[in-house]
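Participant: Sequence first, then the predicted structure:
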Amino acid sequence: MLQPDPAHIIEETRLDRLRGLHQSIRVEQLPDASHAAAVLMKAIDDNLAGHPHITADPELYHLAYRAFEALFTLHHALTREQKGWA
């Protein structure tokens, strides 16, 4: 099973992406991040968790469920941030 990357690797990739964003486009031009998270949640629910092959396999279903759960957490945090609750 794939081991999660350590926090410093995640931070390095975040900073690389941030540099790329600053060089190419303005953040205001991007679609709303909470909307993007919601779209991906629906895609995971419909196309992965709802796929017969994944639903039939407990380990695969668990992974799809966790992916949905992580996106839900991200969506909730983005929504709170937009409302100034963060």
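Facilitator: Nice, thanks for sending it over. Numbering: from 1, shown residues only.
Participant: distance of the residue nearest the centre of the chain from Asp32?
Facilitator: Nearest residue to the geometric centre of the chain (Cα atoms, centre = their mean): Leu71, 4.5 Å. Here the distance between Leu71 and Asp32 works out to 14 Å (Cβ to Cβ, to the nearest Å). Placement of C-beta: from N, CA and C, glycine included.
Participant: go on, Ile10?
Facilitator: In terms of Cβ to Cβ, Ile10 sits 23 Å off from Asp32.
Participant: got it, and His75?
Facilitator: According to Cβ to Cβ, His75 and Asp32 sit 11 Å apart.
Participant: picking up where we left off before, buried residues of the host helix or strand of the residue nearest to the centre of the chain, list them for me.
Facilitator: According to DSSP states H and E, Leu71 maps onto helix 58-82. Neighbour-count burial for helix 58-82 flags Tyr61, Ala64, Ala67, Phe68, Leu71, Leu74, His75, Leu78 (criterion: 16 or more other Cβ atoms under 10 Å).
Participant: Please dump these into JSON lines; it should also carry pLDDT and distance to Asp16 for every row.
Facilitator: Listed next are those as JSON lines, based on pLDDT from 0 to 100; distance: Cβ to Cβ, whole Å:
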{"residue": "Tyr61", "pLDDT": "95", "distance to Asp16": "33"}
{"residue": "Ala64", "pLDDT": "95", "distance to Asp16": "28"}
{"residue": "Ala67", "pLDDT": "96", "distance to Asp16": "23"}
{"residue": "Phe68", "pLDDT": "96", "distance to Asp16": "27"}
{"residue": "Leu71", "pLDDT": "96", "distance to Asp16": "22"}
{"residue": "Leu74", "pLDDT": "93", "distance to Asp16": "19"}
{"residue": "His75", "pLDDT": "92", "distance to Asp16": "24"}
{"residue": "Leu78", "pLDDT": "87", "distance to Asp16": "21"}
